[in-house]
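Enquirer: Turn this into a structure:
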Amino acid sequence: MDLVEKYFNVLLTTYVLLPLRYPLGMDFDEQLALAQVHLSANDAKLAELIKKYGPCRIKPHDDHYGELLSSIVSQQLSVKTADTIWDRVLDVFKGKTPSPQQLTAADAEAIRACGVSYQKISYMRDLANHIISGQLDLKHASTLPNQEILDQLVDVKGIGQWSAHMFLIFSLGRLDILPVGDLGIKKAAMTAYGLKNLPKPEELEKLSKKNGWKPYESVAAWYLWQSLDNKDNA
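Expert: Numbering: from 1, shown residues only. The predicted structure follows:
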């Protein structure tokens, strides 16, 4: 069975057979497979990257709070340094991610001693308070529309559009996110498509539309990251 026939069967199963049996349709790996076929058919540059780097390895998870908390700690730090500091923070809470209530009640100096700046501590506590108050609804994040989640996230101090986009892609597994503010995506797009300058957000959106990335912009972005040959992008 060749590649085209294989994914034709996936499409047939997904849009004809599965809806009759399962209201939620495909599993995530099947969605990624369809994304790769869709992008390969619409964009010759991405087709080359897909062939070179193989299956997309985006893997969503349900540790949403822990992901956001650790992302605040890791801001503007190398991966190695961030991991070291995060492990120290966990040690303060007996090796576990502190609950929002534990975090707001904790001694700031104990967290500061781990290497976390006072500013980041204030961001961590703001995240905790947003969760406690219900302003950030992580319990239902998997069912909320992209824009609603985005709006809730950027309302937290220390979480901007870029962090929110990364959360939507890598934590929730949303496949239709175009991280227009990501420098790596801009560099990769400039190289792949022969652009003279780093594309502005609106130019990235036009590039996406022109090359038919929708509704798999996240997967397109993942392959562009891989093209940078940066091990931290996987």
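Enquirer: CA atoms for contacts and neighbours, from now on please.
Expert: OK.
Enquirer: So this protein: which segments form each domain?
Expert: Domains of the chain are assigned by automatic domain parsing as 1-58+175-234, 64-171.
Enquirer: Which helix or strand in the chain has the lowest average pLDDT?
Expert: Lowest by mean pLDDT, DSSP states H and E among the helices and strands of the chain is helix 18-21, with a mean of 37.
Enquirer: returning to that earlier point: out of the domains of the chain, which gets the lowest mean score?
Expert: Comparing mean pLDDT over the domains of the chain, the weakest stretch is domain 1-58+175-234, at a mean of 84.
Enquirer: How about Asn197: what's its closest non-neighbour residue?
Expert: Nearest non-adjacent residue to Asn197, counting by Cα to Cα, 6 or more residues apart in numbering: Met190, 6.5 Å away.
Enquirer: who's in contact with the one you found?
Expert: Listed by Cα atoms under 8 Å, 6 or more residues apart in numbering, the contact set of Met190 reads 196-199.
Enquirer: could you measure Thr97 against Val116, distance?
Expert: 15 Å (Cα to Cα, to the nearest Å).
Enquirer: same question, Asn211
Expert: Taking Cα to Cα, one finds Asn211 at 42 Å from Val116.
Enquirer: ditto for Val89
Expert: 8 Å.
Enquirer: repeat for Cys56
Expert: Counting by Cα to Cα, the gap from Cys56 to Val116 is 33 Å.
Enquirer: Give the residue from those two that has the larger number of neighbours.
Expert: Using other Cα atoms under 10 Å as the criterion, Cys56 and Val116 rank with Val116 on top: 21 against 18.
Enquirer: Helices of the chain, residue ranges please.
Expert: Using DSSP state H, the helices of the chain run over residues 3-12, 18-21, 28-42, 44-53, 64-74, 79-92, 100-105, 108-112, 118-133, 146-154, 161-166, 183-192, 201-210, 217-226.
Enquirer: For the ones you listed, give me CSV that also has distance to Leu172.
Expert: Formatted as CSV, the helices of the chain follow (distance: least, Cα to Cα, whole Å):
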stretch, distance to Leu172
helix 3-12, 23
helix 18-21, 22
helix 28-42, 11
helix 44-53, 22
helix 64-74, 8
helix 79-92, 21
helix 100-105, 20
helix 108-112, 28
helix 118-133, 17
helix 146-154, 10
helix 161-166, 9
helix 183-192, 20
helix 201-210, 21
helix 217-226, 11
